[in-house]
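J.: Just to be clear, the model below is a prediction. Sequence and coordinates:
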Amino acid sequence: MIKQNLEKIKQQLPSNVQLVVVSKFRPIEQLLEVFETGQREFAENRVQEMVTKYEALPKDIHWHLIGHLQTNKVKYIAPFVKLIHSVDSLELAQEISKQAIKNNRVIPILLQFHVAQEDSKFGLKPEYAETICKQILELPNIEMHGIMGMATFTEDEAFLRKEFKLLRTIFDNLKEIYFKNQESFATLSMGMSSDYKMAVEEGSTLVRLGSLVFE
């Protein structure tokens, strides 16, 4: 079923939208099934689970950290993480920069913005976008590739589209001000299994899907 699910999803996604498979809580056997289809982009919420799976699985997998990241955990993923989606403070960005230097790497990041109604979700306030972007641009060994956000868990389509549009506006504004001629600033990470089709319609270039792949 995993192979069939992936084929169906990929047929529905535009060519400019990247699929990242959310592998949290999934056993190694299932992840190898995904890997064998040619999928290489995987995402984890928790650092320890990512490190464990990184050690157990083929090394050509590209690992994305999409969950809330504590500064004291950055050092564990700094040697190999491909993209950190959840940068929600200057302090976290500074630690990523520090660990990137230690590992002689440039670590790509996304700024996470809070647009949902749930307080349980993390992220920067949209009104701080320009300020924190300017501060992070001064840090060495970090490269901003775009932004990420999670919409409210609701079936209200108009509500969801409003939040996705806000994220798209933040992305477009930052692109215009700071990254007009920088091709690497191209990722608008929004959309999960329950809402990814709407997210893509509203401009997402990366979707994070888990349950649709495995169930």
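T.: Cool, the structure landed. Numbers count the residues shown, from 1 in each chain.
J.: Look at the spatially most central residue of the chain and give its secondary structure.
T.: Taking CA atoms, centre = their mean, the centroid of the chain lies closest to His85, which sits 3.6 Å from it. At His85 the chain is in strand, as set by DSSP: H, G, I helix; E, B strand; the rest coil.
J.: mind listing what it touches?
T.: Counting by CB atoms under 8 Å, 6 or more residues apart in numbering, His85 touches 43, 64-66, 109-110, 112, 148, 189, 208. All C-beta spots, glycine's among them, are computed from the backbone N, C-alpha and C.
J.: do you know how far it is from Met148?
T.: Distance, His85 to Met148, by CB to CB, to the nearest Å: 4 Å.
J.: now swap in Glu183 and tell me
T.: Distance of Glu183 to Met148, computed by CB to CB: 19 Å.
J.: If you count surrounding residues, which of these two has more?
T.: When Glu183 and Met148 are compared for neighbours, Met148 comes out ahead with 28 against 6, by other CB atoms under 10 Å.
J.: name the element the more buried one belongs to?
T.: Here Met148, judged by DSSP states H and E, is contained in strand 142-150.
J.: Give me the angle between that strand and strand 83-87.
T.: What separates the directions of strand 142-150 and strand 83-87 is an angle of 60 degrees, with axes from the mean of the first three to the mean of the last three CA atoms, to 10 degrees.
J.: Which elements pack onto strand 142-150?
T.: In this structure, strand 142-150 packs against strand 83-87, helix 90-102, strand 107-114, helix 129-136, helix 157-178, strand 187-189, with contacts taken as 3 or more CB pairs under 8 Å, 6 or more residues apart in numbering; DSSP states H and E.
J.: Can you name the residues in contact with the fourth one?
T.: This points to helix 129-136. With CB under 8 Å, 6+ apart as the test, helix 129-136 has contacts from 87, 89-90, 93, 109, 111, 113, 124, 142, 144, 170, 173-174, 177-178.
J.: buried set for it?
T.: Along helix 129-136, these residues count as buried under the neighbour rule (16 or more other CB atoms under 10 Å): 129, 132-133, 136.
J.: Let's verify Ala43: helix, strand, or coil?
T.: At Ala43 the chain is in strand, as set by three-state DSSP.
J.: Please verify my assumption that it contacts Gln18.
T.: No. Using CB atoms under 8 Å, Ala43 is not in contact with Gln18; the gap is 11.0 Å.
J.: Where does pLDDT dip in this protein?
T.: Under the criterion pLDDT under 70, the flagged ranges of the chain are 120.
J.: mind running it again at 90?
T.: Along the chain, segments meeting pLDDT under 90 span 116-122, 151-156, 159, 215.
J.: Verify the stated contact: Ile9 with Ser211.
T.: No. The criterion here is CB under 8 Å, and Ile9 misses it with Ser211 at 11.4 Å.
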